[in-house]
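Visitor: output the structure for:
(2 chains)
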There are 2 protein chains.
Amino acid sequence: MNPAYDMLKTRFARIATLGEASAMLGWDASAMMPAGGGAARGEQLATLAGLMHDMLIAPETGAALSAAEADGDWGSANLALMRRAHIRATALPTALVEEATIACSACEKTWREARRASDFAAVRPALENVVRLTREQAARLSDALALSPYDALMDGYQRGITAADVTPIFAQYEVFLREALPRVEARQAAAPARIPLAGPFPVETQRRVAQAMSSRMGLEFTHARLDESTHPFCGGTPTDVRITTRYREDDVAQALLGVLHETGHALYERGLPAAWRRQPVGEAAGMGAHESQSLIVEMQACRGDAFLGFLGRELHAAYGGDAAPYSRENLARLWRHVERGFIRVDADEITYPAHVMLRFRLEQALIAGDIQVADLPAAWNQGLHALLGITPPDDERGVLQDIHWYDGAFGYFPSYTLGAMAAAQLMRAARTAVPGLDDALGQGDASPLLGWLRANVHAHGSRLGFQDLLRAATGKPLDPSDFQAHLTARYLD
Amino acid sequence: MNPAYDMLKTRFARIATLGEASAMLGWDASAMMPAGGGAARGEQLATLAGLMHDMLIAPETGAALSAAEADGDWGSANLALMRRAHIRATALPTALVEEATIACSACEKTWREARRASDFAAVRPALENVVRLTREQAARLSDALALSPYDALMDGYQRGITAADVTPIFAQYEVFLREALPRVEARQAAAPARIPLAGPFPVETQRRVAQAMSSRMGLEFTHARLDESTHPFCGGTPTDVRITTRYREDDVAQALLGVLHETGHALYERGLPAAWRRQPVGEAAGMGAHESQSLIVEMQACRGDAFLGFLGRELHAAYGGDAAPYSRENLARLWRHVERGFIRVDADEITYPAHVMLRFRLEQALIAGDIQVADLPAAWNQGLHALLGITPPDDERGVLQDIHWYDGAFGYFPSYTLGAMAAAQLMRAARTAVPGLDDALGQGDASPLLGWLRANVHAHGSRLGFQDLLRAATGKPLDPSDFQAHLTARYLD
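Guide: Numbers count the residues shown, from 1 in each chain, chains lettered A, B, ... in the order given. Below is the predicted model of the structure:
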């Protein structure tokens, strides 16, 4: 019996319940809402955000945090996460949060136009405003959390890992990349030509196949929906996950692989500990952890040899025509094709980390004040050239391509590569622990993999930080060599 | 400058914004949500309802209401509505509201099963609990509002009209019904046989035609969506209305006429005064007023001779086949067919009020304690027999058919018939004021009607109560003789 802790649990559950309402309204805004509803929706979300913030920073929350004692592992972790949420929220004056929200929303809107016109100058003042407010928030969070300003931002997306952890990992990967990429390219050039899959692929069939494959991976559609939106995402709540994709009649891969990626996110949400629903410790362990779950499904399992064979047969049955393009080998050549490109979201798994490293370095320098917004386009182009030897022909395919900065999400990008590396490390541990995992995938059965993930990742909620989660599941903290071994096996053996 | 009133405006706008969030989540629950999301959704809605209630009953709201002075007509009406909302909310202890919400939600769930099994006994204890809690709420509201308990409930759905207003109106209608119904039936029996419309009617075509007809009535789909749900409804918010229907391949009427009905509701929401958005005075004037708008579109305009001719040509163009069934005369015979039936929602406009009168009388007696839940099935069957001369063969087609009571909505039913009567009265006034209104409808152009409704109904928001709204628009309070004249003209002339 600890009334202060009980009060906190009730309050955080209430905050989380409002967060669920926001999540559903956010999904609706992307997947359903007519354009005319946008202004009112923004106000609805702002009102909910304000209420959640008020509950978090209220004096009685602080008093209860001082008085609370939690029993056991989970309770202690929960209380520590409550304290952290309270510290983060109270570090930021409401006026600053509101100003930043408005600035981000305005900047994001301007960015959409600027990207279309490939006109960085058009969005530069808005982005400067966002960066100014982000620096101010980072400075305040830095004081409150005793982290560097950039680490304080990263901590908001992925607790338990800092720039000092990431930097050597990325440096090691850069060495690998310089050595491996030309070899992969040479090998690819010598391989048989890719046979394109011949469409059209009717959208109704694509939808049916995508949902069937998502079910195969373990998503129960009594607790999920699959819809359409401009940008695929996974939203909703643990008992009502909403994944989206977009369909093109001439391309079967984009929608399907996108659905499988979002399925990984959705399975994580579905597998979170129900006993801790709406408590901080019952949430996902961060964005890096989340990305590890989407990538273990999409990149490790579904683009792996075993599942590709199964998938090829399913696709050929659905779309008919010549069987040869649907062979495992051809699908691998199509869907694991490596190419130095300008666009992060289109990148293969070998070059993807280069896009992330570029952004990680630039955003650190930007937050530290070592570079300014005006320097970004040139620094971007130089940075990409240094990493991949290519230079974007315009800012649309350069510094303007991603929404993140324009929406104020600094410190997020590393999560993608932390997730990719963690996915490889987790897959290796799962294969060791579960014999027959790949044989099952070859039959379209992901349940052995999912069972292992449920027990070793999902069920932990947020009890462990990123590194501790990996330690518990794989016996070691993040080790990029598992990712490199995976890439070597897939692309060079 | 009146700071107390300004504070109230801000607070009521915040409450209304949370109400918008609830409205969207409610729409989603009916139109989109997978079944597994139900429990969490209930908690999300309950949390929002609790927050709105807390804001409304907060001591500073009461203090500001005492101190506020509003300028002008609209401001005064707004302040009066704020005061009324505050009185209603403070009359009910939060614990009672929460208990009732949980009881209604449990009862509604049980009812779904009980109706399927036609087993009133299965839902009886849950309904007794709902009735007990409703009586307690009604008693408290009665004290606070100086209305009878039943009137205090009715006031929550349709301000400005009481059981004492409704009773003589219904009595007068009952006289009309007894005299007119046999004559209509005799006349109908002598008319040419109805030619059924031959399907199948592909759902995609139905959806396209329904949306096109809804647009014809004036709904802009940049601010609206048309989706599917088990029970058609209009949800959402004034800048983002969501109407739903359900499609059957073998029936073109149900979905189409349902969409036109919901379009009337949606047009009312769209036409509310934008300058008073999220203020009490900017809301619709009540459920009777709302129903008048759905019925003036569906029953008065779309099932009227002028529009039916246009609609028949459109439908024939969409579905092809023999033209004869799509003639105006045959559509009128199909879609204005009068028949004594058991089911309210399937009833024609002549017998519909009998279904409402039955429920009005029973729910008054139930709230007054003159009858008990256990008495309902027999009283229902006797009551329907007394009004229409037919007896439901089972409770599924009797007392179990409607969700309202099982969800705690006592005092709602009269709104349907108040709306039907008001629709006839408004249509008569519109026809007098706008020459050529029917000619335009005959061309599929509803803009003259909509223009008149916008100016004379929608634009008033909640500034006027039900009777005053009718006085302003038609020169008299609710007068059932306009409805009877409409029925006589349509069915007996």
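Visitor: and the helices in the stretch 51-200 of chain A?
Guide: A:59-67, A:72-91, A:94-117, A:120-145, A:149-157, A:163-190 (DSSP state H, counting those that start in this stretch).
Visitor: elements contacting the second one?
Guide: So the one you mean is helix A:72-91. Helix A:72-91 is packed against helix A:3-31, helix A:38-57, helix A:59-67, helix A:120-145, with contacts defined by 3 or more Cβ pairs under 8 Å, 6 or more residues apart in numbering or on different chains; DSSP states H and E. (Each C-beta comes from the backbone N, C-alpha and C, glycine too.)
Visitor: now swap in the longest one and tell me
Guide: The helices and strands touching helix A:163-190, judged by 3+ Cβ pairs under 8 Å, 6+ apart, are helix A:149-157, helix A:352-368, helix A:376-388, helix A:414-433, helix A:480-491.
Visitor: buried residues in the second one, which are they?
Guide: Burial within helix A:352-368, assessed by neighbour count using 16 or more other Cβ atoms under 10 Å in any protein chain shown, is assigned to A:352-367.
Visitor: format the helices of the stretch 51-200 of chain A as CSV; extra columns: mean neighbour count.
Guide: CSV is the format used below for the helices of the stretch 51-200 of chain A (neighbours: other Cβ atoms under 10 Å in any protein chain shown):
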stretch, mean neighbour count
helix A:59-67, 15
helix A:72-91, 18
helix A:94-117, 16
helix A:120-145, 19
helix A:149-157, 23
helix A:163-190, 15
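Visitor: how far away is whatever residue of the stretch 51-200 of chain A ends up closest to chain B from A:Arg14?
Guide: Per Cβ to the nearest Cβ, the residue of the stretch 51-200 of chain A with the smallest distance to chain B is A:Leu51, at 6.6 Å. A:Leu51 sits 9 Å away from A:Arg14 when distances are taken as Cβ to Cβ, to the nearest Å.
Visitor: please apply the same query to A:Asp28.
Guide: Look at A:Asp28 and A:Arg14: by Cβ to Cβ, they are 22 Å apart.
Visitor: and the two? Which one has more around it.
Guide: Set A:Asp28 next to A:Arg14 and count neighbours by other Cβ atoms under 10 Å in any protein chain shown: A:Asp28 wins out with 24 against 18.
Visitor: outline the domain layout of chain A.
Guide: Taking automatic domain parsing as the domain assignment, the ranges for chain A are A:3-156, A:157-493.
Visitor: switch these over to a markdown table; also include mean pLDDT.
Guide: Output for those, formatted as a markdown table (pLDDT from 0 to 100):
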| stretch | mean pLDDT |
| --- | --- |
| domain A:3-156 | 95 |
| domain A:157-493 | 97 |
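Visitor: for B:Leu56, find the nearest of those.
Guide: Put simply, out of the domains of chain A the one that sits nearest B:Leu56 is domain A:3-156, at 14.5 Å, with distance taken as Cβ to Cβ.
Visitor: give me every residue in the stretch 1-150 of chain A lying close to chain B.
Guide: With the criterion set to Cβ under 8 Å from any Cβ of the partner chain, the stretch 1-150 of chain A comes near chain B through A:14, A:17-18, A:20-21, A:24-25, A:28, A:32-37, A:39-41, A:43-44, A:47-48, A:51.
Visitor: just give me how far stretch A:467-474 sits from the chain centre.
Guide: Remark: stretch A:467-474 is offset 19 Å from the chain centroid, using Cα atoms, centre = their mean, to the nearest Å.
Visitor: ok, now which ones touch A:Val166?
Guide: Neighbour list for A:Val166: A:360, A:414, A:418 [criterion: Cβ atoms under 8 Å, 6 or more residues apart in numbering or on different chains].
Visitor: pretty sure the second one is touching A:Phe360, no?
Guide: Yes: A:Pro414 is within contact range of A:Phe360, at 5.2 Å (criterion: Cβ atoms under 8 Å).
Visitor: so what's the closest residue to A:Val123 other than its chain neighbours up against?
Guide: Taking Cβ to Cβ, 6 or more residues apart in numbering or on different chains as the measure, A:Val123 lies nearest to A:Ala114, with 3.8 Å between them; neighbours along the chain are not counted. Taking Cβ under 8 Å, 6+ apart as the definition of contact, the neighbours of A:Ala114 are A:120, A:122-123, A:400.
Visitor: of those, closest to A:Ser229?
Guide: Distances from the contacts of A:Ala114 to A:Ser229 were compared by Cβ to Cβ; the smallest belongs to A:Leu400, at 20.7 Å.
Visitor: and the stretch 151-300 of chain A, which residues reach chain B?
Guide: Where proximity means Cβ under 8 Å from any Cβ, the interface of the stretch 151-300 of chain A facing chain B comprises A:220-225, A:236-240.
Visitor: same thing but 10 Å
Guide: By the rule Cβ under 10 Å from any Cβ of the partner chain, the part of the stretch 151-300 of chain A lying against chain B is A:220-225, A:227, A:236-242, A:270, A:277-278.
Visitor: what is the burial count for A:Glu269?
Guide: Using other Cβ under 10 Å, A:Glu269 is surrounded by 26 other residues.
Visitor: which ones are touching it?
Guide: When contacts are counted by Cβ atoms under 10 Å, 6 or more residues apart in numbering or on different chains, A:Glu269 touches A:23, A:219, A:223-224, A:234-243, A:283-284, A:290, A:293, A:458.
Visitor: same thing but at 6 Å, please
Guide: Shown in contact with A:Glu269 (Cβ atoms under 6 Å, 6 or more residues apart in numbering or on different chains): A:238, A:241.
Visitor: and the residue in the stretch 201-350 of chain A that chain B sits nearest to, bridged to which residues?
Guide: Nearest residue of the stretch 201-350 of chain A to chain B: A:Asp240, at 2.8 Å (Cβ to the nearest Cβ). Judged by DSSP bridges, the bridge partners of A:Asp240 are A:Thr237.
Visitor: B:Gly37 is in contact with that one, correct?
Guide: Yes: using Cβ atoms under 6 Å, A:Asp240 is in contact with B:Gly37, at 2.8 Å.
Visitor: higher neighbour count, the two?
Guide: In this comparison of A:Asp240 against B:Gly37, neighbours counted by other Cβ under 10 Å, the higher total goes to A:Asp240 at 30 against 26.
Visitor: measure that one to B:Phe466 for me?
Guide: As for A:Asp240, its distance to B:Phe466 is 38 Å (criterion: Cβ to Cβ).
Visitor: kindly report the same for A:Ile367.
Guide: As judged by Cβ to Cβ, A:Ile367 and B:Phe466 stand 59 Å apart.
Visitor: before we move on, what about A:Thr205?
Guide: Distance of A:Thr205 to B:Phe466, computed by Cβ to Cβ: 53 Å.
Visitor: these two: who's more crowded?
Guide: Set A:Thr205 next to B:Phe466 and count neighbours by other Cβ under 10 Å: B:Phe466 wins out with 24 against 15.
Visitor: identify the residues contacting A:Ala446.
Guide: Contact analysis of A:Ala446 by Cβ under 6 Å, 6+ apart lists A:217-218.
Visitor: which phi and psi does it have?
Guide: Main-chain torsions, A:Ala446, degrees, to the nearest 10: phi -100, psi 10.
Visitor: for the residue nearest the centre of chain A, give me phi and psi.
Guide: Residue closest to the mean C-alpha point of chain A, counted by Cα atoms, centre = their mean, is A:Glu291 at 4.1 Å. In this entry, A:Glu291 is assigned phi and psi values of phi -70, psi -30 (degrees, to the nearest 10).
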